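> got a structure for you, letters missing:
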Ligand SMILES: [Zn+2]
């Protein structure tokens with residue numbers, strides 16, 4: 001009597017054999033799915049996962065009797081997982097490359113749009129804009145209360161508020177900061193773009209601190225607490241405990257602040 005479920009009775013060889021793989025001259029042909037491989041090694045790798053899925057597919061097609069589903073052997077599972085891991089790694093690498101290409105393309109498209117914005121004539125060039133930031137006594141308080149980075153952010157905050165002239169633009173969910181460079185073109189900012197700005201602000205903070213120190217010299221000399229404070233402030237101004245990549249921190253903060 002013919003079987004009701006003919007597929008289930010079909011045997012799948014555990015190993016790729018001469019029956020499924022043909023000779024090297026015609027390539028190695030998978031009898032289960034029809035793919036052909038030039039190299040025997042690639043055919044063998046393919047066969048492990050193909051046989052696994054083929055077997056699973058035939059067994060689960062049987063809606064009348066789930067108990068017929070067999071459990072793969074440890075060796076079969078090991079081979080299968082090994083192949084899946086290799087495939088997974090290859091796919092991850094491919095996705096990373098594709099993402100990189102896509103980001104570059106998106107960045108180029110955004111730069112093209114920005115460079116054709118008629119409002120660009122109102123923008124101040126990045127270098128000039130940076131040179132306009134002046135550190136005040138109020139900004140120094142932010143360093144005393146927090147850190148040198150806090151002071152730098154506060155000093156930049158007021159300057160950032162006039163958006164029409166701002167030589168920087170960032171967009172939500174896009175990890176790029178664009179600056180309006182000295183050649184009047186928008187460019188993707190690197191951390192190095194902020195080296196000059198940070199150095200200039202650090203220098204200004206030191207100058208303002210020395211002024212503060214000079215003005216308060218008499219009071220400081222009379223109070224132990226103020227003497228301690230002075231040392232503490234000085235360490236902050238000199239960037240003590242100023243950990244992490246300050247350029248990257250500042251760039252990230254600017255992007256979050258100005259994101260459109
Ligand atoms: Zn196959």
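The structure has been received and is ready for your questions. Nothing here was measured: the structure is a model prediction, and the numbers come from that model.

> Span of stretch 34-48 from start to end?
Terminal residues of stretch 34-48 lie 14 Å apart, using CA to CA, to the nearest Å.

> er, stretch 159-171 actually
Distance across stretch 159-171, first residue to last, is 19 Å (CA to CA).

> for it, which positions count as buried?
Neighbour-count burial for stretch 159-171, counted by 16 or more other CB atoms under 10 Å, picks out 166, 167, 168, 169, 170. The way it works is simple: take the backbone N, C-alpha and C, and place the C-beta from them, glycine included.

> Kindly report the same for stretch 134-154.
Judged by neighbour count (16+ other CB under 10 Å), stretch 134-154 contains these buried residues: 135, 139-140, 142-144, 147-154.

> can you check stretch 187-195 too?
Judged by neighbour count (16+ other CB under 10 Å), stretch 187-195 contains these buried residues: 187, 189, 191, 193, 194.

> Please identify which helix or strand holds the residue of the stretch 101-250 of the chain found nearest the ion.
As assessed by CB to the ion, the ion sits closest to residue 101 within the stretch 101-250 of the chain, at 30.5 Å. Under the criterion of DSSP states H and E, residue 101 resides in helix 74-115.

> Report whether residue 169 is found in a strand, as I expect.
Yes: assessed by DSSP: H, G, I helix; E, B strand; the rest coil, residue 169 belongs to a strand.

> which secondary structure element contains residue 210?
Going by DSSP H and E, residue 210 is part of helix 195-215.

> For that helix, the averaged confidence score.
For helix 195-215, mean pLDDT is 93.

> same for that helix, what does it pack against?
Other helices and strands packing on helix 195-215, by 3 or more CB pairs under 8 Å, 6 or more residues apart in numbering; DSSP states H and E, are helix 126-131, helix 137-145, helix 148-160, helix 224-237, helix 246-258.
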